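> Got a predicted model here, sequence first, then my questions.
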Amino acid sequence: MSGTIRPLVAGNWKMNGLAGSLGELDAVKAGLSGDGLNADIMICPPATLVAAAAKAANASIAIGGQDCHFAEKGAHTGDISAEMLADAGASAVIVGHSERRADHGESDEIVMKKAQAAWRAGLVAIICIGETEAERKSGATLDVVAVQLAGSVPEGARAENTVIAYEPVWAIGTGLTPTAGDVAEVHAFIRQKLSERFSEEGAAMRILYGGSVKPANAQELMGVENVNGALVGGASLKAADFLGIVAAYR
Ligand SMILES: O=C[C@H](O)COP(=O)(O)O
């Protein structure tokens, strides 16, 4: 396991989950009870379930949102502010997920404003970056990651209010993952950039890997240098799978 940074395993339910899905949260809670886990655990349910999830969770599970608007309030039909997520009991919010960047045209500039909004509301910003398949194939991965980091992570980022999630777009929901060596290369690069820009705060910031993490590959991926946890999509929907990933930190 990497250094002394406390890892974070976060489940992103994406646009999945009705009230009955909170049973999975209960099962995660039960699965975590009484064990000395060496990681923080978070579930990011859809916005409709944030308040109920926050009530159902206990101290062993943090609740996060999946997106927020950068404004505090106003005429933005259908949007949710970081303050509203905090009010509902969230302690973090994912910003700049590649699905938001692709589906909603979110630029680095917008993602940066969302991260600042998260801080304004007292939330941890989980800032997502990652290259597409074409970018990987053309050898542009590190360039893409550098541009996204520079453009999406605001000045003043600190280890306690910012988490970076490296998610290669081609690995999300596909069952494909980069090799451990590829993950190590990109995470080392991200660490170098964060340390150059934010000094000791950047050296202490958590860098999550995301993209087809499952129980079968969690141990290997979580053991890579500078991988400080995971952002898990599909495998977070079932408590048994999610707990199987969390087990990498037992
Ligand atoms: O936010 C989570 C990621 O997009 C990973 O999703 P996945 O685990 O289904 O590949």
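On my side now, so go ahead. Worth saying up front: this structure is predicted, and the values here are computed from it rather than measured.

> Could you report the neighbour count for the closest residue to residue 175 other than its chain neighbours?
In space, and not counting its chain neighbours, residue 175 is closest to residue 212: 5.3 Å by Cβ to Cβ, 6 or more residues apart in numbering. Every residue, glycine included, has its C-beta placed from N, CA and C. Here the number of neighbours of residue 212 (other Cβ atoms under 10 Å) works out to 22.

> Residue 212 should be in a strand, yeah?
No - secondary structure of residue 212 (DSSP: H, G, I helix; E, B strand; the rest coil): coil, not part of a strand.

> That one and residue 178 touch, don't they?
No - applying Cβ atoms under 8 Å, one finds residue 212 not in contact with residue 178, separated by 9.6 Å.

> Just checking the longest helix seen in the chain against the ligand, any contact.
In the chain, taking DSSP state H as the definition, the longest helix is helix 180-204. No - counting by Cβ under 6 Å from any ligand atom, no contacts exist between helix 180-204 and the ligand, the nearest distance being 13.6 Å.

> For that helix, which outside residues touch it?
5, 129, 141-142, 145-146, 149-150, 153, 157-159, 164, 166, 168, 177-178, 205, 207, 209, 220-221, 223-227 (Cβ atoms under 8 Å, 6 or more residues apart in numbering).

> can we see that at 6 Å?
142, 149, 157-159, 166, 205, 207, 209, 220, 224-227 (Cβ atoms under 6 Å, 6 or more residues apart in numbering).

> Taking these, please make a PyMOL selection of just the buried ones.
Restricted to buried positions by 16 or more other Cβ atoms under 10 Å, the PyMOL selection for the contacts of helix 180-204 reads:
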select buried, resi 149+157+159+166+205+207+209+224+226+227
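
> And the helices in the chain?
Along the chain, counting by DSSP H, helices occupy 22-32, 50-56, 82-87, 98-103, 108-120, 133-137, 141-152, 180-204, 215-222, 239-246.

> Make a markdown table out of these and add distance to residue 76 and mean pLDDT.
Below are the helices of the chain laid out as a markdown table (distance: least, Cβ to Cβ, whole Å; pLDDT from 0 to 100):
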| stretch | distance to residue 76 | mean pLDDT |
| --- | --- | --- |
| helix 22-32 | 27 | 96 |
| helix 50-56 | 18 | 98 |
| helix 82-87 | 11 | 98 |
| helix 98-103 | 15 | 98 |
| helix 108-120 | 12 | 98 |
| helix 133-137 | 31 | 97 |
| helix 141-152 | 20 | 98 |
| helix 180-204 | 30 | 98 |
| helix 215-222 | 37 | 98 |
| helix 239-246 | 32 | 98 |
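
> Distance to residue 69 added to those, as CSV?
Shown next, in CSV, are these (distance: least, Cβ to Cβ, whole Å):
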stretch, distance to residue 69
helix 22-32, 25
helix 50-56, 15
helix 82-87, 8
helix 98-103, 11
helix 108-120, 7
helix 133-137, 28
helix 141-152, 16
helix 180-204, 25
helix 215-222, 32
helix 239-246, 28
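
> which parts of this structure sit against the ligand?
Counting by Cβ under 6 Å from any ligand atom, the chain sits next to the ligand at 12, 97, 167, 172-173, 210-213, 231-235.

> Can you give me the pLDDT of the residue of the chain found nearest the ligand?
The nearest approach of the chain to the ligand comes at residue 233, 2.2 Å away (Cβ to the nearest ligand atom). Residue 233 is assigned 98 on the pLDDT scale.

> what do you get for residue 34?
For residue 34, the predicted pLDDT is 70.

> try residue 68
98.

> which residues touch it?
80-82, 85, 93, 114, 117.
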